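Output the structure for:
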Amino acid sequence: MTTAPETSKAVSNWLIVVAIMVIAMILVGGATRLTDSGLSITEWRPVTGVVPPLTHEGWLDEFEKYRSSPEYQLQNAGMTLGEFEFIYWWEWGHRFLGRMIGLVFALPLFVFWVRGMIPAGMKPKLLGLLALGGLQGFVGWWMVASGLVDRVDVSQYRLAAHLSLAFVILGVTLWLALSARFGTAPGKTGRLTPLALAFWAAVMVQIALGAFVAGLDAGRIYTTWPGMEGRIIPDGYLAGLPWYQAIFESHAAVQMHHRWMGYLVGLFAFVVAFAFWRSSDRTLKGLSHAIAAMVVIQIALGIVTLVHAAPLSLSLIHQLGAVVLFLLAGSAAWRARRAA
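Residues are numbered from 1 along each chain as shown. Sure thing, here's the model as predicted:
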């Protein structure tokens, strides 16, 4: 019986490719949401849906299906076929990329498994990651389905769940890629691990709050900084809703929470960076500078995006900044787990 290796550069490189594809998926998904393209395909066909319309009649058929949706009837009535094709291609590209990630993950996994190249103890983790990818497909359709009946946008709750799961998949992929390259952690946990994990979780919460902002188009209602039209707590914070509902459904509240959580994550980042800088671990010292710099850049990007009323280009750059900060936080957590 072949003994499983402790590390595998090939497996690590494969997982890095998967992670890059997941990042692309997150950005394409952001563009799909910001261009209001996500509801252009009204059916979920995991296999046959890979083929887009190939004839004029096929396009007319897809357009007719879209015309029966609330989004078309209440928001896009009178849209031309050319305009429909534009939003269709964004959603089709998003789904196609998801299918490609599945293939790029599953086929090499089978090859590495058969050839005995997967590092010891990693097989169940990789199977779990594969299951998360499959779950993401279901969550994506569950999200889209919420916008096909009685509303013109998807549910912000389901959007936040979909985006959060994408980042969970990215985080697990990153962790396994590092473990495959450098080996699993020793039994003893480094003293900075709880702090690093808490920071990673805080970044994740801020990303989820950003999903609520995107889901409600709340980034365009208050475009002044530092105040929200001169106020710390904006008018209409509760929007006539109970406080526990307003947290997730009031446009003003959702934007305010995302702003203030960003400031808190920024302060937390400097606490974490200082702790890492004082560490004897060279990698953590390097990551301390990267985290401090990136959180400043990300806050600045958020402010610029806000005051320009969240155009597509700035919004995607801001989302990419969130990805970079998330990866830095995850890398720091992985390293802290191993640092003395």
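
Give me the phi and psi for residue 228.
Phi and psi for residue 228, reported as degrees, to the nearest 10, are phi -100, psi 90.

Which strands and helices lie in contact with the lengthiest helix in the chain?
With secondary structure taken from DSSP state H, the chain has its longest helix at helix 81-114. Packing partners of helix 81-114 (3 or more Cβ pairs under 8 Å, 6 or more residues apart in numbering; DSSP states H and E): helix 9-34, helix 56-67, helix 123-145. (Glycine included, C-beta is placed from N, CA and C.)

buried set for that helix?
Buried residues in helix 81-114, counted by 16 or more other Cβ atoms under 10 Å: 84-85, 87-88, 90-98, 101-102, 105, 108-109, 112.

now swap in stretch 204-215 and tell me
Applying a neighbour-count criterion of 16+ other Cβ under 10 Å, one finds 204, 206, 207, 208, 209, 210, 211, 212, 213, 214, 215 buried in stretch 204-215.

per-residue pLDDT, residue 340?
Residue 340 is assigned 62 on the pLDDT scale.

What is the burial count for the nearest residue to residue 142 once chain neighbours are set aside?
What sits nearest to residue 142 in space, not counting adjacent residues and going by Cβ to Cβ, 6 or more residues apart in numbering, is residue 158, at 6.0 Å. By the criterion of other Cβ atoms under 10 Å, residue 158 has 19 neighbours.

how much does whichever strand or helix holds residue 158 deviate in direction from helix 123-145?
Assigned by DSSP states H and E, residue 158 falls within helix 156-182. Helix 156-182 runs at 160 degrees relative to helix 123-145, counting by axes from the mean of the first three to the mean of the last three Cα atoms, to 10 degrees.

In helix 156-182, which residues are buried?
Result for helix 156-182 [16+ other Cβ under 10 Å]: buried residues 156, 158-167, 169-181.

Next, the contact list for residue 282, please.
Residue 282 sits next to no residue when contact means Cβ atoms under 8 Å, 6 or more residues apart in numbering.

Now it. Its backbone dihedrals?
Here is the backbone geometry of residue 282 (degrees, to the nearest 10): phi -60, psi -40.

Make residue 1 into 709 and carry on from there
All right, first residue 709 from here; so that's residue 990.

So it versus residue 907, what's the distance?
19 Å (Cβ to Cβ, to the nearest Å).

ditto for residue 974
The value you get for residue 974 to residue 907, if Cβ to Cβ is used, is 11 Å.

now do residue 750
Counting by Cβ to Cβ - residue 750 and residue 907 are separated by 41 Å.

cool, and residue 987?
14 Å.

more neighbours, the two?
residue 907 (27 against 20).

Surely residue 714 is in contact with residue 889?
No. With contact defined as Cβ atoms under 8 Å, residue 714 does not count as touching residue 889 (10.8 Å).

Kindly tell me how buried residue 717 is, as a neighbour count.
Other residues close to residue 717 by other Cβ under 10 Å number 11.

Mind pulling up the pLDDT for it?
For residue 717, pLDDT reads 96.

Name all residues that make contact with the nearest residue to it once chain neighbours are set aside.
Sequence neighbours aside, residue 889 is the residue nearest to residue 717 in space, at 6.1 Å (criterion: Cβ to Cβ, 6+ apart). Residue 889 is in contact with 715, 716, 717, 720, counting by Cβ under 8 Å, 6+ apart.

Equivalent analysis for residue 803, please.
Here residue 803 is in contact with 749, 757, 848 (Cβ under 8 Å, 6+ apart).

How confident was the prediction at the first one?
Residue 749 is assigned 96 on the pLDDT scale.
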